[in-house]
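Asks: A predicted structure for the sequence below; I have some questions about it.
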Amino acid sequence: MMRSKIIAALYLVLALLASCTTFTAKSNKELLAELKADSYEFGYDKPGRALASRGREAMPEVLAEFEDAEDYYLCCLANILAQTPSPERDRAFIRKLQDRRNNVDDFLLDDYAEAMMLALAKNGCQAAVPIIQEYARDPRLEHDLRVQAKVSLNLLRCSEPEGEPRGKYVVSPETAPILAQPWASRALRVLEALIDHNVFANSGKVTVMSISPAKKGGSMIEGKLPDGKGTWEIDFRKGNGDRIPFRFHWYEGPKAAAQYRGLLEKRGGRWLVVRYQLLWLS
């Protein structure tokens, strides 16, 4: 019995090695053709990973395809190129963001534009600031894409405050007495930072219904969306003083809810969202 299991495991290892060797042996052109024929994995399948692993060696051919790519193939190539920073890639990303900004009905715009903006920001590309600012300010675009544009500007140290966040929430009378507690006032600072980054898609004031201490020195804040149309929840850990990990969840109904995780970082006296990732969407 043990011998048969060992033999089966060896066959599995050999099959995996053969698969890796197959993709390693293929040319960039062959990998791109496979990717184009089946592009629904957003570049994270074997051809996409093989191309990404080749970095700058594959970049000229990937960039050539990227210029005229559409739909899922465009998403694949954007995700692959995002892993290999270079001036050529950054210029191609900026051109594509400029070309596609008015394609507000493109249901994949969120995917490839987000990948490009964050890659440009992580590479410190200041030339991308004007087009990313346009995305952050355009009310026609999807809410989450505008938030990611704001995060990209934070990474580039070019973000601007949205206004006074304290005017965008109210505290319930039942919760008001505990605001003198240090953990409660810290929780409100986290809420204000997230309001400043427009994580709430609804216009109007949100209501803080409860604040409670949580494990590891953090807190949990719960509340209602404007006009009582749903609920929201933020929980966070204490962090290390200048960085606070958090999770944000909103709920409007069984088919209208989402959860995110992110990271706040203190820069120049402001708390900025430097990472914001969708965990699930209903």
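Replies: Good, I have the coordinates. Numbers count the residues shown, from 1 in each chain.

Asks: ranges for the strands of the stretch 51-200 of the chain?
Replies: 169-171 (DSSP state E, counting those that start in this stretch).

Asks: Next SSE downstream of the worst-scoring helix or strand of the chain on mean pLDDT?
Replies: Least confident helix or strand of the chain, by mean pLDDT, DSSP states H and E, is helix 2-25 with a mean of 51. Toward the C-terminus, helix 2-25 is succeeded by helix 28-37 as the next helix or strand (DSSP states H and E).

Asks: what packs against that following helix?
Replies: helix 46-54, helix 59-68, helix 71-81 (3 or more C-beta pairs under 8 Å, 6 or more residues apart in numbering; DSSP states H and E). Heads up, the C-betas are built off the backbone N, CA and C, glycines and all.

Asks: Pull the residues that contact it.
Replies: Helix 28-37 is contacted from outside by 23, 26, 43, 45, 47-48, 50-51, 54, 57-58, 61-62, 65, 73, 76-77, using C-beta atoms under 8 Å, 6 or more residues apart in numbering.

Asks: Of those, just the buried ones, ChimeraX syntax please.
Replies: Buried residues among these (16 or more other C-beta atoms under 10 Å), as a ChimeraX selection:
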select :23,26,43,47,48,50,51,54,58,61,62,65,73,76,77
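
Asks: Would you mind putting the CA coordinates of stretch 232-251 into PDB?
Replies: Output in PDB follows, covering the C-alpha atoms of stretch 232-251 (Å, rounded to 0.1, in the frame of the first residue of the first chain):
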ATOM      1  CA  TRP A 232     -21.700  48.700   7.700                       C
ATOM      2  CA  GLU A 233     -18.900  47.400   9.900                       C
ATOM      3  CA  ILE A 234     -15.200  48.300  10.300                       C
ATOM      4  CA  ASP A 235     -12.800  46.300  12.500                       C
ATOM      5  CA  PHE A 236      -9.100  46.900  12.800                       C
ATOM      6  CA  ARG A 237      -6.100  45.900  14.800                       C
ATOM      7  CA  LYS A 238      -3.900  48.300  16.800                       C
ATOM      8  CA  GLY A 239      -1.100  48.200  14.300                       C
ATOM      9  CA  ASN A 240       2.400  49.500  14.900                       C
ATOM     10  CA  GLY A 241       1.600  53.200  15.400                       C
ATOM     11  CA  ASP A 242       1.900  54.300  11.800                       C
ATOM     12  CA  ARG A 243       0.100  51.400  10.100                       C
ATOM     13  CA  ILE A 244      -3.300  50.000  10.800                       C
ATOM     14  CA  PRO A 245      -4.800  46.900   9.100                       C
ATOM     15  CA  PHE A 246      -8.600  47.000   8.700                       C
ATOM     16  CA  ARG A 247     -11.600  45.200   7.300                       C
ATOM     17  CA  PHE A 248     -14.600  47.000   5.900                       C
ATOM     18  CA  HIS A 249     -18.000  45.400   5.300                       C
ATOM     19  CA  TRP A 250     -21.300  46.900   4.000                       C
ATOM     20  CA  TYR A 251     -24.600  45.100   3.700                       C
END
